[in-house]
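*Asks:* Provided below for reference: sequence and predicted model.
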Amino acid sequence: MIGFFLLSLPVFGVIGVGWAATRAHLLTSGALDALNVFSFRFALPALVLRLIAAQPLRQTFNPRFYAGYLTSGVIVFVLVLLASRLVAARTVAAAGAHATTATVSNLGFLGPPLMLAFFGERGAGPLAMAILAEIMVLLSLGGVLMGANGNARHGIVSLILRGTVFNPVVAAIVLGAVLAGTDVALPEAVTRFLAFLGGAAGPTALFALGGALALQRLDRNTAVAACLISLVKLFFYPLLTWLVLKYVLKLEPFWVQAGVLIASLPSAGNIYVLAQRYEADPPRVSAAILLSTIASVGTFPCAAWLVLH
């Protein structure tokens, strides 16, 4: 157990450094924005493109894994949506935001460093498919529901397109798959360039994530909802993913382990952007993102120990 915690400690440690630097006013919001732009639009796509293009397509993409992982996410999404709408009496927009927060993981910033730490470069395949499932399907569905407010319909389609179809990480996955599927090898100089640029992805993304978390708050009014959403995200979602991949689809251990760990990641920060723009309960969404990220410092190593031990 200690070994799994120590393996993930550097990743969460960099988040802590970013949080501390922001709390100490060593970083401005403009500096955080610049780090986010660099890591998300340049470094992370370079890392993903190099990893996907370097592996045989049949080894990277598993249709049964994709179907199982997406099915698990859709089930959790629908259950949270119904519970928030019918039990907690939230609006459609708020319920959609809660469901999205409970199912869309921080795959861009936390996924690559943690999956590489536990699985090496082979972890890029399941991570890429999880990105396609959660970003292209679940986040899009959540965005449509969040835009259900009568005064917020304008711009929802273009915003979703920018966040999915024109997402630079998604574009890198597609391009990498094309190169891998056609057996087109990247020139050595290009590979070295991508490796150099992609090497900055982990530290900058994690540092920026810590800075963003330092600006978020958790109070009494949002604590209960944040706890429930985080509980679903960090426990129920990974558990259902494990049951579907292991017992329903009977996949190989590697795919089961990777799926569970990906589902165990905390909620993605970009959900808050949608929730804030469309007035879809942004305080509770922000609180759930913050709480799930803090809790994952302990829950992620536990999940890794359970599936890899």
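*Replies:* Here it is on my side, so go on. Source: prediction; values computed, not measured. Numbering: from 1, shown residues only.
*Asks:* for this structure, what helix or strand is lowest in average pLDDT?
*Replies:* The weakest-scoring helix or strand in the chain, judged by mean pLDDT, DSSP states H and E, is helix 156-163 (a mean of 65).
*Asks:* mind checking how far Val170 is from Ala67?
*Replies:* From Val170 across to Ala67, the span is 18 Å (CB to CB, to the nearest Å). C-betas here are computed from N, CA, C, even on glycine.
*Asks:* more crowded one of the two?
*Replies:* More neighbours surround Val170 than the other of Val170 and Ala67, with 20 against 14 (other CB atoms under 10 Å).
*Asks:* the helix or strand that contains the more buried one: which residues count as buried?
*Replies:* Counting by DSSP states H and E, the element that carries Val170 is helix 168-181. If you call a residue buried by 16 or more other CB atoms under 10 Å, then helix 168-181 has these buried ones: 168-170, 172-173, 176-177, 179-180.
*Asks:* how about the residue nearest to Val178 when sequence neighbours are not counted, phi and psi?
*Replies:* Excluding its sequence neighbours, the residue lying closest to Val178 (CB to CB, 6 or more residues apart in numbering) is Val184, at 7.9 Å. Dihedral pair for Val184: phi -90, psi 110, per degrees, to the nearest 10.
*Asks:* what is the burial count for Val184?
*Replies:* Residues near Val184, counting by other CB under 10 Å, number 9.
*Asks:* ok, now Leu107?
*Replies:* Neighbour tally, Leu107, other CB under 10 Å: 22.
*Asks:* so it makes contact with Ile262?
*Replies:* Yes: using CB atoms under 8 Å, Leu107 makes contact with Ile262 at a distance of 7.0 Å.
*Asks:* which helices and strands does the helix or strand encompassing Leu51 pack with?
*Replies:* Secondary structure assignment for Leu51, by DSSP H and E: helix 44-53. When contacts are defined as 3 or more CB pairs under 8 Å, 6 or more residues apart in numbering; DSSP states H and E, helix 44-53 sits against helix 111-119, helix 124-133, helix 168-181, helix 188-198, helix 201-214.
*Asks:* do that again at 10 Å, thanks
*Replies:* When contacts are defined as 3 or more CB pairs under 10 Å, 6 or more residues apart in numbering; DSSP states H and E, helix 44-53 packs onto helix 57-60, helix 111-119, helix 124-133, helix 168-181, helix 188-198, helix 201-214.
*Asks:* of those, which is nearest Thr299?
*Replies:* helix 111-119 (12.4 Å; CB to CB).
*Asks:* CA atoms only: put that closest one into CSV for me.
*Replies:* Listed next in CSV are the C-alpha coordinates belonging to helix 111-119 (Å, rounded to 0.1, in the frame of the first residue of the first chain):
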residue,chain,number,x,y,z
GLY,A,111,-4.4,11.0,-16.5
PRO,A,112,-1.0,11.0,-18.3
PRO,A,113,1.3,11.3,-15.3
LEU,A,114,-0.5,8.7,-13.2
MET,A,115,-1.1,6.2,-16.0
LEU,A,116,2.5,6.5,-17.2
ALA,A,117,3.6,6.0,-13.6
PHE,A,118,1.6,2.8,-13.1
PHE,A,119,1.5,1.3,-16.6
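*Asks:* tell me the mean pLDDT for that helix?
*Replies:* Regarding helix 111-119, the rounded mean pLDDT is 92.
*Asks:* and that helix with helix 124-133, angle?
*Replies:* Angle of helix 111-119 versus helix 124-133, following axes from the mean of the first three to the mean of the last three CA atoms, to 10 degrees, is 150 degrees.
*Asks:* ok now helix 111-119, how far from the chain's centre?
*Replies:* 13 Å (CA atoms, centre = their mean, to the nearest Å).
*Asks:* could you list the buried residues of it?
*Replies:* Burial within helix 111-119, assessed by neighbour count using 16+ other CB under 10 Å, is assigned to 111-119.
*Asks:* for stretch 283-291, same thing?
*Replies:* Neighbour-count burial for stretch 283-291 flags 283-291 (criterion: 16+ other CB under 10 Å).
*Asks:* contact partners for the residue nearest to Ala93 when sequence neighbours are not counted?
*Replies:* Closest residue to Ala93 apart from its sequence neighbours, by CB to CB, 6+ apart: Ala280 at 4.0 Å. With contact taken as CB atoms under 10 Å, 6 or more residues apart in numbering, Ala280 is in contact with 90-98, 100, 142-143, 145-149, 152, 271-272, 274.
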